[in-house]
Structures are given as structure tokens and as C-alpha cells.
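*Asks:* Below is the sequence, then the predicted model.
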Amino acid sequence: MADYKWPPMDKRRVMGKRIARLDGPMKSSGRAKYPSDMNRSDLLFGALLTSPHAHAKVTGIDLTAAKAIKGVTAIRVISGPGTEIQWAGTEVAAVSAVTEEIARDAVKAIKVTYEVLPHLVKEDNLAKVGARAKAAGEQVTGDPDKAFAEADAKTAGDYGIPVITHCCLEPHGSVVAWGKDKIDFWPSTQAVSTVGGDLAKMLELPATQVHVDCQYMGGGFGAKFPADRWGAEAARLSKESGGRPVKMFLDRATELTIAGVRPSHFAKIKVAGKKDGTITGWQSESWATGGIGGGGMAPLPYVFTNIPNRRMNHTQVSLNTGPARAWRAPNHPQASFLTCAAITDFADAIKMDPYEVFFKNAAVSARPETYRKQLAKAAELIDWKKKYTHGAQKTGTLRRGLGIGIATWGGAGHASKCKITIHPDGTVEVELGSQDIGTATRTCITQVAAETLGLPMSGVKVKLGDNSYPPSGPSGGSTTIGGVSSSTRKAAVNALEKLFEKVAPSLGVTPDQLEADDSRVVVKGNPAKAMSWKQACQKMGPTPISEMGENEPRTAAREGLNTQGASGIQMAEVEVDIETGVVRIIEVVAVQDCGLVVNPKTAESQVAGAMIMSVCSALMEERITDQTTGRVLNADMEFYKLAGLPDVGKLTVHMDITPEHDARGIIGLGEPCAIGGIAAIANAAANALGVRVPMVPLTPERVLAALANRRNA
Amino acid sequence: MENFEYANPTTLKEALSLLTAGAEVLAGGTDLLSLLKDDVHQPKRLVNIKNIKTLGGIAKTGGNIRIGATVTLDELASNQLIRAAYPSLVQAALGVTSPQIRNMGTVGGDLCQRPRCWYFRSGNGLLNKSLVENGENKYHAIFGSGSAHFVSASSLGPALVALGATVKIAGADGKTKDVPASQFFKAPAAEGEREIALASNEIVTEILVPASPTKNATYEVRHKQALDWPLATASVALRMAGTKVTSASITLGHVGPTPVRATEAEKMLVGQTITADSAEKAGAAAVAGAQPLSQNAYKVQLAKVAVKRALLTAAGVKAV
């Protein structure tokens, strides 16, 4: 069997190098065409009519006036009379027209009558949700009652993290054309190889009839896997409009209302432990919502999973709000925040430096030594030992504090196939039905292929974003880099073997004596005996060599190209103005392992992006619903607050690149780095203030309320 | 957005004649465009006033500095006359932390922009007392009376009120009138009434700011450092004799349907030196009459701090 193993760290020429993303200039110059940039001359524009009510039954729809508008090509009813609407923003009808303005005018002209039903859109106060609460059962391990009875110290705290919404720069949507023989589908998607089948299923057509093309997409973060109702409706509108392509993208308000949320999570948490910082008991009563379907329990206690005595109760709350979708590390940021806050408060109560408490209790995590090394590294980078003081000792108006957040993730490579074609002229094509969701997948695949084939980056052309290429998994769960790198590696090795078979006779050796290096095919151990890559390729005759490589998750760990289990520590330093409650980020430090790192530069960039998302979530990001109207009040970019550059502070990323981690193979990075930041920032604010702000985001009103509570206590 | 007619006059007279029923003035458009897109406003005609040269420019005229209505926030903040005399205006303009908006948004537009109340913007009207009182009011008013719980969105308003500025308005009949900045903003009594003293057929042409020297400053409390609406602001203008205050003008912003003059605090400061202590007391007096809603008591504290810090900044004392 071919040897697919990664080349040794010190022998890599292209992998592991800080290579700028290949499509950076395309993107920054606007030449990269995203699905929402599609503007063919025959293009039609789709628009959605959505429900203004959070809970209602549709009793009638009158399309007469809308149909009479010149330029409208088709109207479709999505939620017909009798349909029970469960959240505001639900799609009721869709229109296509020759201009976006006409489509919107037609939407306004559709008359819908509703029977309005009672709704609930808030869950922060569990006592007020009534029958919408559903107990999800109790989990008990060890003897928590005994642990709490015998503990040196016990703490209890309330913590909460609200629903936040997906807010991709490019909203959800697609352009779709229902042609005679096939449907051309240009979605903004994280799932090039599967989204076509999804659309076909919704349209009750064979999967073979849908051709997917997505070369660039403007952010997904877990929310862009399906073809979606609006994608299917765009296809039907196209069919009813004679096959002209229909562009249907959600407007910003709809995007923030129905395109997917990260569930909230609230918890009353009690921690018991010894004076030396050892945690012996955990009790949590939590609740969460992700919309009408409720919200499951985040993995509590997080990372410190082997606290010996635990009792967890969870309640799901069903709300009439837009549904949940995977959101970069589903449930992990919430779990990390709740757990790390409770542990930090325990450390404060026993007057220990939380660094020591995290360090000690790493013993009850799955990877104690990794976390300890990372804690030490992060502490060094943020200068923890010198800067840390207990919150109660701080004075002045502007107070600084330090905090820790922790992360764990899987990240094994997904199922992926890759085809590599070496042409007789020496050019190389790499094809995968994968996607680059902004993570530099294209660049990393190029590095793996170039490394394996002994070619420069420019010697390899990577093609992805098309479902006619070999299937490669959706980009979710941080599985892409492992999947595409392993399948590319194997395809490249397989293709090289074929090439060596053709070349070996000319060099008078057997194929196994050859290697590819520096754009040459060389006899191992005898560099003088070689021919250039181009000469070598001429030996294959007129037919290109084309070989497949496959990453199969069930066997991948054994093969060692990719594996799972990423750890990360983030630390934050913040400054709080105790008179205004405004929290400012001074620095966030991330120490992150993800096994073998294909491209440290783009990896660091991905971590930095995740840290910015954490700043948003820790300081300002929150969906605000109105109980009277049942609507999202801040479904815009004005009051759905996200960090701007001055809010971000200094970001320090340390990729934990070591021979030990490298030997584990490739592990996904996208999600583990998006977990610990919120906890780190919230804990830093608690340290600065000497009091816990129970709920993030840390808005001025919450910070001031926490300070007032302390004064009144 | 509804269809509308677009007019592009080059003289004030022409512009005024175009302001017939259903017409609206377009300057920078940074607010108006979103009002149109959200169907909050549905004008029949937009009258662009950016090509009327007489509405631009900043110059000294007699005892005033004249600021043309179409001067952009960026022009205002970088103008030497303004920088020398009115740090409070510069600070307020720079508080709009978006270069794009500062490049497009105008001084007149800043005064005439509509409130950001999310009930208003989602089509529930401006005087939605019950919705606000029973709903999400953390960004709403802590001052005011009756049904108006929205806050004036103007960034420059509080500073102009504190500086004793005058808003010059031209009407359809060709006549002009001078409205003190303090009377330009008003709390509407009925739905459909505007929150400014400007009829739909009138145009703000210029702002006159007294050139007499004051120590002035604006302090904004914003949640975000990047573009964000202030949670509370204070603008102050102090006349001094040596280190003693001879008269003080203090105006709060983003806490009421109009900029809110803090007359008690102003009186307290006369004869005083600005110190951390006197500034703190003035801040407390400025918010003494606040009546917060269910979720915005924190804004009382923010307004108090804004007054304190604006006073200290104006007096050249380190505020934080």
C-alpha cells in the first residue's frame, strides 16, 4: 500500500508555511464573484412575504393586486390558509419580478389575513414561561449531596447568555435557474456536494438534475447547509417564469429573524470544593431556547467533565421565535461561559488565583497536560502572574481585570474524495466538491497537493465549489481541513505512483525508488539522477493521469492523516469604567492546538476572526424580542450590535505547533477557537469589578446593575 | 420603498417652491434613505439641497460663526474656526464614529433626523406610549412627559443648545425666521406631529453660533467605541472669570425627546470652580428630575457621569 504519511515537519517545503490566501486579491478587489453578485441580463428578483405575527393561523391570502403589477413573473403561496405560523418572519409567499423594486411592491400588495394566537418570545425569566417549559430530566453522577455537605467551600451563581442570531455578511440565498434538462443552482452554501441533493429532494426531482456552483460565499458559520425553503421557492418561481434565473436573498431584517440563531443558555450553578482549589461537586439547573423546538442542555460541566459528583437538571423552553441552526461550535461557547464563570467565582470565593484553580482542575479534563501547558503559555503571553490581583483589591474609575476561558472540540476530517489529474504538459488539476467558506480551504488544498507533488503553489490548480467534482463533505464541525487535506494527499500520492511507473524505465530504476521534489522527479539518494517535472510528465503519453484519494472517517484515525481532539485556552484583559459600565478589551490571547497546521498564517487569521466573534458575543451581541408585538426589535445592523475595529482590542494568537501535536495529524480549527473567548472576557470583567455580571453581553446597564447589587448587598 | 420624484434645484428659492405637499428635503441622506427603505417615510418628491451653494460654508459673520446647513460633519469637525472655538461641536461630530456618515451626513440633517426608537422604525408610530412602557425601553427617554418616550437622535443638538446657537429657517413665502436651538426641538403632542420646529415646506439654511468665548465640551457615553448611538451625552459651555464660573450652560442628549437643559445644575455652578466635586454635584443635580422607564434607570447614572466629565473636560481637568 502506498505510504500516505505526512512528510516529517522539518522536510516540508510548502505545508506549514505562512502562505497568504490565494484568493485574497480576488476578494479584496471585488473580482471574486459571490452568488449574490450574480447579475445575468435575464435575471429575475425574488422577494419574500413574511409573517408579522409570532403565532397565528393564516386565514386567507389574496394575490389579485400583486398579480396585476406589471413586471411580476410569478407568485407562490408558501403558507396557505390553515397554516399555523410559529414565529414572526415565517415565509408566507414569494414573488419573482423583473426588478427587485417590483418584487417588493408585489409583496406589499399581497393581502394576508391571520387569526392571531398567543405567543411567547422571551425566556430570560423561567418563572414567566409557564407551560412552555419542558423538563429534560436529571443526570446524577457520584454523590453531589455528600460532596456539598462535606465541602470546604461552596459557591452559587446565576449565569446567562442570550440568543444571538446568524448575521453573515452575505445573507442566505441563491440564484437558481430551472432549465430544460437541469437546474442551475448558485447558492451561498457550506455544502457544495450535498445542497444540490437537498434542493432536488424538496423539488421531488432526481439529484442528478441539480448542478451546484459556489466559488465564493460570504460566511456561513453553521447556518448555510440546506437548500432552504427560499431556495426551493426561488427554483419554482424560476420554473413558473419560463426558466429565467431568480435571485432570492434574504434582506437583513429577515436574515436576522429567521436564518438561524444560537440558542440561549441560563443556569443556576453551584460549585463545591476544597480550600486547595480542588473542585469536588457541581450542581446546575439550566434552561435554554432555540425557538419553537426548545433548547437542549449544553455540555455541562464543560471540559471539567470528570468532577466526581454532579447533578444536572435542564429545562427546554419553546418560544415563538426563529429556529436555531448550528452556530460555530454549537452549545460550546455557552457551556464554556457558564462553566468557566462558575469556576472563576469559586476561585474568588476561596481567594485563590483562578489560574491556579483552572490549572489544578485540569486533572478532571480529558487532556490535563495539554491544558496545563496552554494555560502556562497563555499566562506568559498576557503576563498573568504580574498583572493578576484579586478583584476586591482594585481601585479607581478604570479597572482592569484578567479572565480565562477554555475550549475543547473534535474536528476529525469529514468524508471527502479528491481527484487529481496530471496532464502530459505537467499541469495539475485538483478537484473536490468542497467549498471555501472563507477559511482558506482553497489555499490549504493547494499547499497539500504542491507539497506532495514536489511542485510550487503555482504548479497546482485547485477547483472546488462545484458538485460535479468528487463529493466532499459539508463544512461543519471543523471537519473540512482534515477531510480535504487527507483526500488530496492520498490522491496526489496515488497520481505520483502512476507517474513514477511511467518515468522509472527512463531513469533505469523501479518506481518505488523515485520521489518528487523541487519540480523534479528524482531517484532517492541520488539527486543527480533526475528529470524535470515537465520532462517526466511527457513520459505518460497523450492520456492524463487521473487518480482519486479518499478520506473515510472510519479509517482515518488509523491512517493518521487526521484525527480529533483540539484544546484551547483564551485569556482576556479588559478595562471597565465603573462609572459608565463600559467594558473595553485591552487584549485577548488565544493558545490553540489543532494538530498538524497546514498554514499557520491562515490558521491564525481564523482564530483572530473567532476571537472577534467572541468579543461581539461577550460585549454587545444579543437578539432583542418584544413580547407585545412578538417581533425581533433589533433585526438590523444598528441595534444588533457587533464590534467595530476600535472595540476589538489587541488579539494575540499562539498556534500550539509542537512535534507532539503535529504527530497527531490534522485537526479542525474553525470551532475550537470560537469557544473560550466569551468566558475569558466575562471573567476578566468580573475580576476588574470584583463582582460577577451574571449575564453577557456585558452592556453598561448590566455592569452598573451588578455594581449596584454589590453596594446594596 | 415607494416611488418618488427627484428634484435637484440649485437655488434656495427653487428648492422652496418644490417643497409642496408630500415633498421632503434630501441632504446627506444617511437617515432619510433608511426611512424610505423601511417605509417609515413615503415622500412623493425628494428635493436635493446639496447643490445649493449658499447652504454650505463656515464663516465668521458679525458676532457669530455661521455654519451652512449642508456642511458635512467631517467639514465641521475639521474646520479651524470650529476647532478653535467649539470643541464641544467637534467632539459631538466625531462621536459619529463612521467616516462614511461624517462624509455624507450634514449639520442640518443631524438636527432634522428622525428618532431611532425601534418601535417607530418598525412602523408603530412615534408616540407609542404603551408599547415602550411595557416593552423594550433600555434606549428610551428618562426625561420628558406624556407619550413621547423616544430620544432625540441629534448628535449636535445638545452642543448647539448649550452654545446658545440659533437655527435659521427659510419658508415657502421666502421669509426667514430665527429659532433658538433650544426651541428647535420639541416633544410632539400628537401622532403625526414632528419633533422639530420645522414645517414640511421649510428648510434649515444655517446655524449661527455666538462667537463669544466659552469653555465648552461634549462627553458621550457609548456602549461601542465603533459606530453606535450614544446612551447619554452632555454638552456644556462655561463663561469664566479666572477659575470661577460666571455662567454655565449644560444640555443633556439622548435622554429625552429633545435635548434637555439642566437649569438647576447650571445655577449651582455659578461662582464655583470646576473640580471633581463640583462637577459631580452638578451631574447629580442635572438628573434630579429624571423619571426612568422599566429598563433604563442606568441612563440616569450615565447622564450624571456625562455631565461631570463634560464639565471637567471643558475646564481642562482630566475627566477619567
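*Replies:* Everything's here; your move. Residues are numbered from 1 along each chain as shown, chains lettered A, B, ... in the order given.
*Asks:* Could you list the low-pLDDT ranges of the stretch 201-320 of chain B?
*Replies:* Nowhere does the stretch 201-320 of chain B drop to pLDDT under 70.
*Asks:* Can you name the residue of it nearest chain A?
*Replies:* Distance from chain A to each residue of the stretch 201-320 of chain B (C-beta to the nearest C-beta) is smallest for residue B:226, at 2.1 Å. Glycine gets a C-beta too; all of them are placed from N, C-alpha and C.
*Asks:* Isn't that residue up against residue A:641?
*Replies:* No: applying C-beta atoms under 8 Å, one finds residue B:226 not in contact with residue A:641, separated by 9.2 Å.
*Asks:* For residue 66, list the residues it contacts.
*Replies:* No chain specified, so I'll use chain A. A:72, A:75, A:95, A:106, A:107, A:109, A:110 (C-beta atoms under 8 Å, 6 or more residues apart in numbering or on different chains).
*Asks:* um, chain B though
*Replies:* Residue B:66 neighbours (C-beta under 8 Å, 6+ apart): B:57, B:58, B:59, B:60, B:206, B:207, B:208.
*Asks:* Now it. Its backbone dihedrals?
*Replies:* Dihedral angles of residue B:66 (phi, psi; degrees, to the nearest 10) stand at phi -100, psi 130.
*Asks:* Quick check: pLDDT value at it.
*Replies:* If you check residue B:66, the pLDDT there is 98.
*Asks:* Please tell me how far the closest residue to chain B within the stretch 351-500 of chain A sits from residue B:238.
*Replies:* In the stretch 351-500 of chain A, the residue that lies nearest chain B is residue A:397 (5.6 Å; C-beta to the nearest C-beta). To residue B:238, residue A:397 is 22 Å away according to C-beta to C-beta, to the nearest Å.
*Asks:* Residue B:32 against residue B:24, yeah?
*Replies:* Yes: at 6.9 Å, residue B:32 counts as touching residue B:24 under the criterion of C-beta under 8 Å.
*Asks:* For residue B:207, see how far away the closest residue to residue A:649 other than its chain neighbours is.
*Replies:* Spatial nearest neighbour of residue A:649, chain neighbours left out: residue A:585 (3.1 Å); criterion: C-beta to C-beta, 6 or more residues apart in numbering or on different chains. Distance of residue A:585 to residue B:207, given as C-beta to C-beta: 37 Å.
*Asks:* Which one of residue A:397 and residue B:238 is surrounded by more residues?
*Replies:* Taking other C-beta atoms under 10 Å in any protein chain shown, residue A:397 and residue B:238 do not tie; residue B:238 has more neighbours (24 against 12).
*Asks:* touching chain A at all, the biggest helix by length in chain B?
*Replies:* Counting residues, the longest helix found in chain B (DSSP state H) is helix B:298-314. Yes: using C-beta under 8 Å from any C-beta of the partner chain, helix B:298-314 reaches chain A at B:298, B:301, B:302, B:305.
*Asks:* And that helix, what does it pack against?
*Replies:* With contacts defined as 3 or more C-beta pairs under 8 Å, 6 or more residues apart in numbering or on different chains; DSSP states H and E, helix B:298-314 has these neighbours: helix A:700-712, helix B:87-94, strand B:215-222, strand B:230-241, strand B:244-253, helix B:276-286.
*Asks:* Can you list the helices and strands that the last one packs against?
*Replies:* Using 3+ C-beta pairs under 8 Å, 6+ apart as the contact criterion, the neighbours of helix B:276-286 among helices and strands are strand B:244-253, helix B:263-269, helix B:298-314.
*Asks:* Contacts only, for the residue of the stretch 201-320 of chain B closest to chain A.
*Replies:* Taking C-beta under 8 Å, 6+ apart, one finds A:643, A:644, A:645, A:646, A:647, B:97, B:98 in contact with residue B:226.
*Asks:* what's the pLDDT at the last one?
*Replies:* So the one you mean is residue B:98. pLDDT recorded at residue B:98 is 95.
*Asks:* My understanding was that it contacts residue B:227; is that so?
*Replies:* Yes: counting by C-beta under 8 Å, residue B:227 is a contact partner of residue B:98 at 4.2 Å.
*Asks:* Where does residue A:148 sit: helix, strand or coil?
*Replies:* Following DSSP: H, G, I helix; E, B strand; the rest coil, the label given to residue A:148 is helix.
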